[in-house]
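Asks: my questions are about this predicted structure, shown below with the sequence.
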Amino acid sequence: MSLPLWCLLVTSLLPFWLAFWGSAVRRREFGRLDNHHPRQQYARMKGRGARLWAAQQNAWEALALFTAGVVACEVSGGGGWLAGTASIIFVLARIAHGTCYAHDLPTLRSSIFVVSFLAVLCLFATAMV
């Protein structure tokens, strides 16, 4: 399995990591998890819990674009070392993005988002070469 595909696996797990982290915060905030209506409970969250919920949603959204970039590289022949490097940068940026979301660091989070977006654009660029 290529490095971009391994990074895709890690990226696919990031929303679940954020969900588990968010569930721990949700349990502390409400005293229990409402598994009958979890989205309604998430909607009532404040502070870190609300940010973790937003980070999880953003991670799912980013996963779609990264998946397309990895598929483009794989279909076109792999993209070589540059695709692997861009994929690692994407994964590290997305981990940092979720962490910044949770810790309420919006300017740094936005800068890291740009880094992850540029990494995906790099994947598409390597697929076109």
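Replies: Everything's here; your move.

Asks: check the secondary structure at Gly78 for me.
Replies: Three-state call for Gly78 (DSSP: H, G, I helix; E, B strand; the rest coil): coil.

Asks: which ones are touching the closest residue to it other than its chain neighbours?
Replies: Distances taken as CB to CB, 6 or more residues apart in numbering put Ser2 closest to Gly78, at 5.9 Å, once the chain neighbours are dropped. All C-beta atoms are positioned from the backbone trio N, CA, C, and that covers glycine. Ser2 is in contact with 74, 78, 83-84, counting by CB atoms under 8 Å, 6 or more residues apart in numbering.

Asks: 10 Å - rerun?
Replies: 8, 70, 73-74, 78-80, 83-84, 87 (CB atoms under 10 Å, 6 or more residues apart in numbering).

Asks: go on, Lys46?
Replies: Lys46 neighbours (CB under 10 Å, 6+ apart): Glu29.

Asks: quick one: list the elements packing against the lowest-mean-pLDDT helix or strand in the chain.
Replies: Counting by mean pLDDT, DSSP states H and E, the chain has its least confident helix or strand at helix 38-43, which shows a mean of 85. For helix 38-43, the packing partners by 3 or more CB pairs under 10 Å, 6 or more residues apart in numbering; DSSP states H and E come out as helix 3-30, helix 47-76.

Asks: many thanks, we can stop here.
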